[in-house]
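Enquirer: Below is the sequence, then the predicted model.
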Amino acid sequence: MTPDEQNLLQRFLQDLAQTRGVAKDPEADAMINQALQSAPDAAYVLVQHAILSDQALHAAQDQILALQNQLRAPVQAAPQAGSYLPPSQSSWMPPQPAQYVGSGPFSSGGGLGSFMKSAAPIAAGVVGGSLLFDGIASLFGN
C-alpha cells in the first residue's frame, strides 16, 4: 500500500467510525449483515469500491467543470467564405479527456499500491458492464 493510499484509507475509516445513528431499513440491514457474515472478504471489497467510486466521482466532476468552461469560452470566428477546405493550421482541436489531479492515491504519481491494484479489475468489470447495459438500453429506447 502506498502512503497516499494509507492516508486515504485512514480518512475513509475515520469517517466511517464517526457515523452514528443512521436510520436503517431493517430488511436491508439484515441482508447486508448476512452477506458480510457469509463472505469474509466483503468488507474489504466494499471499502475498495467506495474509495474507487469517490475517486471516479471527483474525476467526473472535474471533467464536467472543464467541459463547462470550454462551452463558456468565446467561440472563434468561422473561416472566411470562398474556401472549400478549412485552413491547414486549424485552431480547433478535439477536446481531450480531463486528467484528474486532485488529492488521492494517484496524486503523487507513484502508481497503484496493493490495496487499489487489486480493486482495478473489479472496477473495470463494473464499468464495462455499465457501458454495455447503457448501450443495450439505448437500442431499446431506454
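Expert: Arrived safely. These numbers come from a predicted model, not from an experiment.

Enquirer: Which other helices and strands does the biggest helix by length in the chain contact?
Expert: Under DSSP state H, the helix in the chain containing the largest number of residues is helix 42-72. Here helix 42-72 touches helix 3-18, helix 26-38, helix 114-117, helix 120-139, going by 3 or more CB pairs under 8 Å, 6 or more residues apart in numbering; DSSP states H and E. Using the backbone N, CA and C atoms, a C-beta is placed for each residue, glycine as well.

Enquirer: which parts of that helix are buried?
Expert: By 16 or more other CB atoms under 10 Å, the buried positions in helix 42-72 come out as 47-48, 51-52, 55, 59.

Enquirer: and the residue nearest to A50 when sequence neighbours are not counted, what is it in contact with?
Expert: Spatial nearest neighbour of A50, excluding adjacent residues (CB to CB, 6 or more residues apart in numbering): F12 at 6.9 Å. Contacts for F12 (CB atoms under 8 Å, 6 or more residues apart in numbering) come out as 47, 50-51.

Enquirer: let's go with 10 Å and repeat that
Expert: Going by CB atoms under 10 Å, 6 or more residues apart in numbering, F12 touches 47, 50-51, 54.

Enquirer: Take the buried residues of helix 42-72 and lay them out in JSON lines including pLDDT and distance to D4.
Expert: Shown next, in JSON lines, are the buried residues of helix 42-72 (pLDDT from 0 to 100; distance: CB to CB, whole Å):
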{"residue": "V47", "pLDDT": "92", "distance to D4": "16"}
{"residue": "Q48", "pLDDT": "93", "distance to D4": "15"}
{"residue": "I51", "pLDDT": "90", "distance to D4": "11"}
{"residue": "L52", "pLDDT": "91", "distance to D4": "14"}
{"residue": "Q55", "pLDDT": "88", "distance to D4": "11"}
{"residue": "A59", "pLDDT": "91", "distance to D4": "15"}
